[in-house]
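In: Fold the following for me, if possible:
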Amino acid sequence: MNRSLFAGGALAALGAFGGGSAALADSIDMIIYGTTGNPFWAKVVAGAEEAGEDIGVEVNIQFAADDPVQQNTLVEAAMARGTAGIGLVLNVDDAYDGIVSDARDAGIPVVSFNVDDSEGADGNGRMAFVGQDFEVAGYAIGQTMIMEAGIVEGDGLVCPVEHPDATYAIDRGAGVIRALEEVGATCEVIGTGAIGLEDTLTKLTQYLIANPDTKGVIGLGGLPTEVAPDAIEEAGMDIPAAGFDLSKAIIQNILDGRTIATVDQQPFYQGYLTVVQLHFADTYGLVPMTVNTGAAIIDQSNAQVVLDFADTVR
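Out: Next comes the predicted model:
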């Protein structure tokens, strides 16, 4: 391992690599802030584990159960084990600045994935981010809803999301709202939590029953996007739905005409590329690079292609 190349948060020895260490890293830690009950993370895990198999590195996957204190504890434990690299979700600004700084000072490369600090590298000392440009993606699905569902001036939509204060929710919501404002429509962001599909369904259904004038649903996360058609049906309404992320149920809803479209952030890439970059940073001293994993719109024109891989790598 080339610990000295990363110590102190700098790459002072970039010009003197000479190829770095030839030894494989012992292990890489991927720490996910959420819970195993959220099916979205299965694709991140699949990517991380496939990368580990491909390059011969052990990958430790751990979940922090939506607890920043627990996530910090998991990073500390990984450092104590002598991990070769840390992949970390920066879901709360400032919550992990200290521990990331400690890891970098110890010569351990750190890459954020899925959610980054809202200020990027200026807000946290991580080396790179692998994930979606949330605001751009939000604007894209907002425009899709406007065009496909005929959203017009005065329409009020709801944007349910697991964690309204998380960076992904704020930025996706900003993109959606920007698109809707262009036609004079609005969207109310509500929190549903991330306990699971049934709990999310109950909360969204209750909202729709209490707000019968709602003109559409744009889920800012995978759980509310998946349950939106059922919530609409249970509320006795006939309004359009769209959102973010993929699951077999979301794709089937699109094919069945119950959901207009969703945005694929390609979480498999988030797991795979994070592990690969951490490994090459540790082994060869290569500097990790930020990767935008995309804002591809999945609708009836391309959903069938995705279906076979849904709930595994898509």
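In: Span of stretch 34-43 from start to end?
Out: Stretch 34-43 stretches 13 Å from its first residue to its last (CA to CA, to the nearest Å).
In: Which positions within stretch 187-204 qualify as buried?
Out: Buried residues in stretch 187-204, counted by 16 or more other CB atoms under 10 Å: 187, 189-190, 192, 194-195, 197, 200-201, 203-204. In short, each C-beta sits where N, CA and C put it, glycine included.
In: Closest one of the residues you listed to residue 62?
Out: Checking these against residue 62 by CB to CB gives residue 194 as the nearest, at 16.6 Å.
In: With adjacent residues omitted, what lies nearest to the closest one?
Out: Spatial nearest neighbour of residue 194, excluding adjacent residues (CB to CB, 6 or more residues apart in numbering): residue 162 at 4.0 Å.
In: Check that neighbour and give its pLDDT.
Out: Looking at residue 162, its pLDDT is 94.
In: and what of residue 274?
Out: pLDDT, residue 274: 98.
In: Which residue ranges make up the domains of the chain?
Out: As given by automatic domain parsing, the domain ranges for the chain are 3-132+266-294, 134-264.
In: Those domains: lowest mean pLDDT?
Out: Note on the domains of the chain: lowest mean pLDDT is at domain 3-132+266-294, with a mean of 87.
In: re earlier: and the buried residues of stretch 187-204, which of them are in strands?
Out: Counting by DSSP state E, the part of the buried residues of stretch 187-204 found in strands is 187, 189-190.
In: mind putting the domains of the chain in a markdown table, distance to residue 301 included?
Out: Shown next, in a markdown table, are the domains of the chain (distance: least, CB to CB, whole Å):
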| stretch | distance to residue 301 |
| --- | --- |
| domain 3-132+266-294 | 17 |
| domain 134-264 | 9 |
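In: in the stretch 201-314 of the chain, which spans are helices?
Out: With DSSP state H, counting those that start in this stretch as the criterion, the stretch 201-314 of the chain has helices at 222-234, 248-255, 267-284, 303-307.
In: Of all those, which one is nearest residue 151?
Out: Residue 151 lies closest to helix 222-234 among the helices of the stretch 201-314 of the chain, at 15.3 Å (CB to CB).
In: Determine the set of other helices and strands touching that closest one.
Out: Applying 3 or more CB pairs under 8 Å, 6 or more residues apart in numbering; DSSP states H and E, we find helix 222-234 packed against strand 156-161, helix 197-210, strand 217-218, strand 241-244, helix 248-255.
In: what angle do that helix and strand 186-191 make?
Out: Counting by axes from the mean of the first three to the mean of the last three CA atoms, to 10 degrees, helix 222-234 points 110 degrees away from the direction of strand 186-191.
In: what residues are up against the closest residue to residue 306 other than its chain neighbours?
Out: What sits nearest to residue 306 in space, not counting adjacent residues and going by CB to CB, 6+ apart, is residue 314, at 5.1 Å. Contact analysis of residue 314 by CB atoms under 8 Å, 6 or more residues apart in numbering lists 43, 246, 264, 266, 268, 306.
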